[in-house]
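A.B. asks: Got a predicted structure here, sequence first:
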Amino acid sequence: MLVLNAENLAKDLELFAQHAGHQSVNTKDVILSAHRNEHLAATLRSFCEELRVKEPQPERKRKKESKKDDKATTSVVEISDL
C-alpha cells in the first residue's frame with residue numbers, strides 16, 4: 001500500500017509540473033500534491049517559508065543603460081574638409 005501511495009504521489013507531482021510548464025518538480029508542486037491533507041499542506045508551507053527566510057538575499061543589480069542612451073553618447077560625427 002505504501003508503494004502504491006508513493007507511485008501516486010510521483011505521478012501527481014509529474015503531472016503538476018507538466019501542467020505548470022516546468023521541466024522538474026518544485027516546492028509549489030509538492031505543496032499542491034498535499035491538498036488532500038490540510039495539516040500536511042500547512043506544515044509544508046511553513047517549512048518552505050522558513051527556508052525562504054534563511055536563504056541569503058542576492059544583491060540587487062543596477063540596471064544597465066539602454067542601447068539608445070549608449071548610441072546618443074557615443075555617436076561619431078564626420079566633418080568633411082572644405
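C.D. replies: All right, it came through fine. Numbering: from 1, shown residues only.
A.B. asks: helix, strand or coil for residue 25?
C.D. replies: Classification of residue 25 into helix, strand or coil gives coil, according to DSSP: H, G, I helix; E, B strand; the rest coil.
A.B. asks: Could you pull up the residues touching it?
C.D. replies: Counting by C-beta atoms under 8 Å, 6 or more residues apart in numbering, residue 25 makes contact with 13-14, 16-17. The C-beta positions use only the backbone N, C-alpha and C, and glycine is treated the same way.
A.B. asks: try residue 6
C.D. replies: By C-beta under 8 Å, 6+ apart, no residues touch residue 6.
A.B. asks: how far away is it from residue 49?
C.D. replies: The span separating residue 6 from residue 49 equals 26 Å under the rule C-beta to C-beta, to the nearest Å.
A.B. asks: ok, back up a step: write a PyMOL command that selects only the buried members of the contacts of residue 25.
C.D. replies: Command for PyMOL, covering only those of the contacts of residue 25 found buried under the criterion 16 or more other C-beta atoms under 10 Å:
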select buried, resi 13+16+17
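A.B. asks: Pull out the CA atoms of stretch 6-20 and give them to me as PDB.
C.D. replies: Extracted in PDB, the C-alpha atoms of stretch 6-20 (Å, rounded to 0.1, in the frame of the first residue of the first chain):
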ATOM      1  CA  ALA A   6       4.400   6.700  -3.400                       C
ATOM      2  CA  GLU A   7       3.700   5.900  -7.000                       C
ATOM      3  CA  ASN A   8       0.500   8.000  -7.000                       C
ATOM      4  CA  LEU A   9       2.400  10.900  -5.400                       C
ATOM      5  CA  ALA A  10       5.200  10.700  -8.000                       C
ATOM      6  CA  LYS A  11       2.600  10.700 -10.800                       C
ATOM      7  CA  ASP A  12       0.800  13.600  -9.300                       C
ATOM      8  CA  LEU A  13       4.000  15.600  -8.900                       C
ATOM      9  CA  GLU A  14       5.000  14.900 -12.500                       C
ATOM     10  CA  LEU A  15       1.500  16.000 -13.800                       C
ATOM     11  CA  PHE A  16       1.500  19.200 -11.700                       C
ATOM     12  CA  ALA A  17       5.000  20.100 -13.000                       C
ATOM     13  CA  GLN A  18       4.000  19.400 -16.600                       C
ATOM     14  CA  HIS A  19       0.800  21.300 -16.300                       C
ATOM     15  CA  ALA A  20       2.700  24.300 -15.000                       C
END
